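Novice: A structural model of the following input is requested.
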Amino acid sequence: MPVFKYRTLEQWQESKRDLWADCDDPRLPSRIRTHWARWSALVPPGLPRGVRKYRSTEEAEADRARWEQERIARIRAERLQK
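Specialist: You can find the predicted model right below:
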């Protein structure tokens, strides 16, 4: 990641404006798709989506152990098919 030095506050503000896209920008959908694709590559498959509530830490740990075992089983099955 490059490091930039700004001599004035105006230079910094102009550089921040360059990062934002207007809602009318025709490139916006492709930028969003690219962003989602990058993040989906970072999230491991089988990770539960959303927010979950638990009554205790034991219940949360049991749920995590369950989906980790499911993920391990899925990875093993994929490797056996190759």
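Novice: Show residues contacting the lowest-mean-pLDDT helix or strand in the chain.
Specialist: Sorting the helices and strands of the chain by mean pLDDT, DSSP states H and E puts helix 9-19 at the bottom, at a mean of 79. Applying CB atoms under 8 Å, 6 or more residues apart in numbering, the external contacts of helix 9-19 come out as 4, 6. All C-beta spots, glycine's among them, are computed from the backbone N, C-alpha and C.
Novice: So for that helix, what gets flagged as buried?
Specialist: Of the residues in helix 9-19, none count as buried by neighbour count, 16 or more other CB atoms under 10 Å.
Novice: top helix in this protein by residue count?
Specialist: helix 57-81 (DSSP state H).
Novice: what distance separates that helix from the centre of its chain?
Specialist: 20 Å (CA atoms, centre = their mean, to the nearest Å).
Novice: Just the element for residue 30, please.
Specialist: When secondary structure is defined by DSSP states H and E, residue 30 falls within helix 28-42.
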